[in-house]
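Student: from the sequence below, what's the structure:
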Amino acid sequence: MSVNPFRRTTSANKCDAENVMPHPISKYADPIIKVPVLLQEVSLQIPMHAEIEFPEGEEVLEIKTIKKRTYLTQCRLLNRAVHKGVRPCDYKAKLFISGFVRKNIQYAANPSVDDAGEILSTLRSLTVEVPFDCVAEVDGFLNLPVGPYTDFRDEFGYLISQQLPNGRDFARKDRLEGTDLSQFHQTSTEYFNELPFCELVRADIIEFDESLNRNPFAEDNEFVVGEGTFTRMSEKMVLDLRLKLLQLQQVRVNSIGAHYDDHKE
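Tutor: Next comes the predicted model:
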């Protein structure tokens, strides 16, 4: 099936735009909405060290470039329930972070020297994931988290009255008073807390890479000086990670303008 493109119109690709004042639809002056609330914005510094081995049979002449992307696999705020009277600036909690840095390494491999003394090589790439994890303390919050509220259970029973067994040292008028052991009664309460979550804001990486087993080659070639190949490299990185801690909370907001129904024509 083929599709013929439309012909370009005679429009000058320009149109007019006019700002329109939005009108709230809610009938209430100060509605309550459920939105992500910023608990805190934190900056983490994570040192990393990894050794990378290139594929078998590939000897690396030099690294051309390394493209990096940072990913989080887990961001969990482990906090206790907030007691009444606690100020946000005095509240503390632990933040568990896990993730990896995806690195695409482009390099010149398997070099050879031609008769003119020029070095020929092929351009290859290797993609690796360098993991990281850490636990940091968040000292002070902009807004307090809600919860977590703990579940609880309570037991209750019913009074029963029954005769005492014969053959025991009980008076005939005595009776056994208490709860029925053959029945079990319980009330339970379960809370569905909103889990705090993270949003990445920025990732800065400074790294130091060096070869581990570099060997010189073509020592008998007068045109090649200081060249060599390696198959393993060590990299040291410092990852500065900035992220937002958020939680869905119910917030009362001020409404602006008149109600939508007042502007119906």
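Student: residues contacting D180?
Tutor: 157-158, 160 (CB atoms under 8 Å, 6 or more residues apart in numbering). Every residue, glycine included, has its C-beta placed from N, CA and C.
Student: most neighbours among the residues you listed, which one?
Tutor: Greatest neighbour count in the contacts of D180, by other CB atoms under 10 Å, goes to I160: 14 neighbours.
Student: relative to T179, how far out is that one?
Tutor: As judged by CB to CB, to the nearest Å, I160 and T179 stand 7 Å apart.
Student: which stretches of this structure have low pLDDT?
Tutor: 1-13, 24-29, 167, 171, 218-222, 256-265 (pLDDT under 70).
Student: hmm, what's the outermost residue in it?
Tutor: R172 (72.1 Å; CA atoms, centre = their mean).
Student: quick one: secondary structure of that one?
Tutor: coil (DSSP: H, G, I helix; E, B strand; the rest coil).
Student: swap in C89?
Tutor: For C89, the assignment made with three-state DSSP gives helix.
Student: tell me the contacts of the nearest residue to it once chain neighbours are set aside?
Tutor: Using CB to CB, 6 or more residues apart in numbering and skipping residues adjacent in sequence, the residue nearest C89 is G140, 4.7 Å away. Listed by CB under 8 Å, 6+ apart, the contact set of G140 reads 40, 88-92.
Student: can I get the buried part of those as one ChimeraX selection?
Tutor: In ChimeraX syntax, the buried subset of these is picked out as below (16 or more other CB atoms under 10 Å):
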select :40,91
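Student: for V146, helix, strand, or coil?
Tutor: coil.
Student: what's the burial count for it?
Tutor: Per other CB under 10 Å, the neighbour tally for V146 reads 17.
Student: and the gap between it and N193?
Tutor: Counting by CB to CB - V146 and N193 are separated by 8 Å.
Student: circling back: got the contacts of G140 as a markdown table, with distance to T122 columns?
Tutor: Converted to a markdown table, the contacts of G140 look like this (distance: CB to CB, whole Å):
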| residue | distance to T122 |
| --- | --- |
| Q40 | 49 |
| P88 | 58 |
| C89 | 58 |
| D90 | 60 |
| Y91 | 57 |
| K92 | 54 |
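Student: relative to M237, which of the contacts of G140 is nearest.
Tutor: Set against M237, the nearest of these by CB to CB is Q40 (25.0 Å).
Student: show me what the closest one is bridged to.
Tutor: With DSSP bridges applied, Q40 shows beta-bridge pairing to L245.
Student: residues contacting it?
Tutor: Q40 touches 138, 140-143, 244-245, counting by CB under 8 Å, 6+ apart.
Student: which one of those residues has the most neighbours?
Tutor: That'd be L245 among the contacts of Q40, by other CB under 10 Å, with 24 neighbours.
Student: pretty sure it contacts E41?
Tutor: Yes - the pair L245 / E41 is scored as a contact, 7.3 Å apart, by CB atoms under 8 Å.
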